[in-house]
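here you go, sequence then predicted model.
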Amino acid sequence: MKTALVAGVVLALAAVGLGGRPAAQSAQGLPVGQVPGNGPPPPSWTPGAVTVTPDTFEVLPVQGQVHLVAGAGGNIVVQAGDDGLLVVDTGMQERSEQVLSLLQQHFKRPIRFVINTSADMDHVGGNATIATAGRTLAGRGRAGQLGGPPVGAQIYSHEKVLLRLSARSGEQSLLPFPFWPTDTFFTDEKQLFFNGEAVQLLYQPAAHTDGDVLVFFRRSDVVAAGDIFSTRSYPVFDAASGGSYRGTLTAMNRLLDIMIPDFNEEGGTYVIPGHGHIGDEHDAAEYRDMATIIHDRIEDLVKKGMTLEQVKAARPTLDYDGRYRATAGEWTTDRFIEAVYRELAQPTR
């Protein structure tokens with residue numbers, strides 16, 4: 001039954017596309033367009049028009065109280081219960097109005113909390129629209145004080161997400177204040193209890209970026225992994241934003257520590273990647289094994305004194321290219337090999 005659900009999710013996500021009317025501005029009056037997903041946009045980047053229609057979105061039940069909203073540029077995870085909605089990641093800015101409308105119409109519950117798994121634009125782009133439309137449980141709004149009007153959902157993240165989105169006094173921030181997290185933590189873990197369920201935010205240092213968290217819904221037995229796990233590409237890590245390949249492998253192993261399979265290594269704990277389809281422990285283990293094997297191959301070639309071009313010519317990803325190879329876009333296979341090579345070629349401390 002659970003295996004059939006995963007297969008159905010794969011087919012549903014494969015059908016998601018783009019089309020419809022252009023979206024030139026958000027509700028906050030900010031320019032919109034395709035923002036690169038790995039760290040701040042380069043100085044030469046300029047927004048471009050993107051077309052979006054409601055039929056690009058899918059709401060898919062995962063397990064327990066957890067649902068997946070696909071089609072917002074990055075996967076959005078929603079925990080829905082009597083107390084309201086907890087939303088993990090908010091997708092891209094230009095799709096945020098439609099995501100909000102979909103959440104309101106489908107779930108018909110107030111948005112109480114937002115959690116960001118990283119500072120990537122396809123994870124925080126809808127923060128302002130979605131959080132502003134929410135209502136806190138404690139009566140503290142985004143611009144209010146304790147005891148003030150219950151306006152705006154709280155946005156949780158690791159403190160390094162806030163540091164990347166904001167800026168020091170006198171400097172230009174990456175995004176305006178309404179996009180920033182309102183509640184941050186600096187420890188290894190943050191705990192919430194919402195909708196009768198324990199929710200753990202598990203910090204993974206120097207993985208995809210320096211601010212990644214795994215969000216574990218314990219009763220539903222579902223993990224929102226952000227960009228630590230993907231079913232569409234080789235592991236994505238952004239060294240400019242504090243990420244690393246070694247840290248990504250460590251985070252994958254932490255993810256597997258959480259997951260427990262059901263009968264015959266299928267089902268059990270489900271994982272929702274930042275991009276791609278729902279997986280189980282078997283999917284996550286295969287992905288970790290692939291990433292570890294490629295790491296060891298490139299590390300061996302580096303130890304033999306090979307140059308980057310020689311490593312590329314050796315094709316260390318060959319037996320996985322049929323599934324993950326990319327020749328266009330931000331994260332091509334060549335760029336992945338280059339990033340791994342640069343990290344492994346540096347002397348370890």
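Cool, got the structure. Model, not experiment: these values are computed from the prediction. Numbers count the residues shown, from 1 in each chain.

hey, which helix or strand in this protein has the poorest pLDDT?
None of the helices or strands of the chain scores lower by mean pLDDT, DSSP states H and E than strand 21-23, at a mean of 30.

any idea which helix is longest in the chain?
Ranked by number of residues, the top helix in the chain under DSSP state H is helix 281-303.

for it, packing partners?
Applying 3 or more C-beta pairs under 8 Å, 6 or more residues apart in numbering; DSSP states H and E, one finds that helix 281-303 makes contact with strand 222-230, helix 245-258, strand 270-275, helix 308-314, helix 333-345. C-betas here are computed from N, CA, C, even on glycine.

report the buried residues of the longest one.
Judged by neighbour count (16 or more other C-beta atoms under 10 Å), helix 245-258 contains these buried residues: 245, 247, 248, 249, 250, 251, 252, 254, 255, 256, 258.

and of these, the nearest to residue 69?
Residue 69 lies nearest to residue 255 out of those, by C-beta to C-beta, at 21.0 Å.

got a list of what the nearest residue to residue 244 once chain neighbours are set aside touches?
Counting by C-beta to C-beta, 6 or more residues apart in numbering, residue 244 lies nearest to residue 206, which is 4.6 Å off, once chain neighbours are set aside. Neighbouring residues of residue 206 by C-beta atoms under 8 Å, 6 or more residues apart in numbering: 242, 243, 244, 246, 247.

what is the nearest of the residues you listed to residue 125?
residue 243 (19.0 Å).

so the closest one touches residue 205, yeah?
No - taking C-beta atoms under 8 Å as the definition, residue 243 is not a contact partner of residue 205, at 9.7 Å.

which of the two has more neighbours?
residue 243 (28 against 17; other C-beta atoms under 10 Å).

let me know the secondary structure of that one.
In three-state terms, and counting by DSSP: H, G, I helix; E, B strand; the rest coil, residue 243 is coil.

how far away is it from residue 134?
Note on residue 243: its distance to residue 134, by C-beta to C-beta, to the nearest Å, is 30 Å.

ok, now residue 293?
In terms of C-beta to C-beta, residue 293 sits 43 Å off from residue 134.
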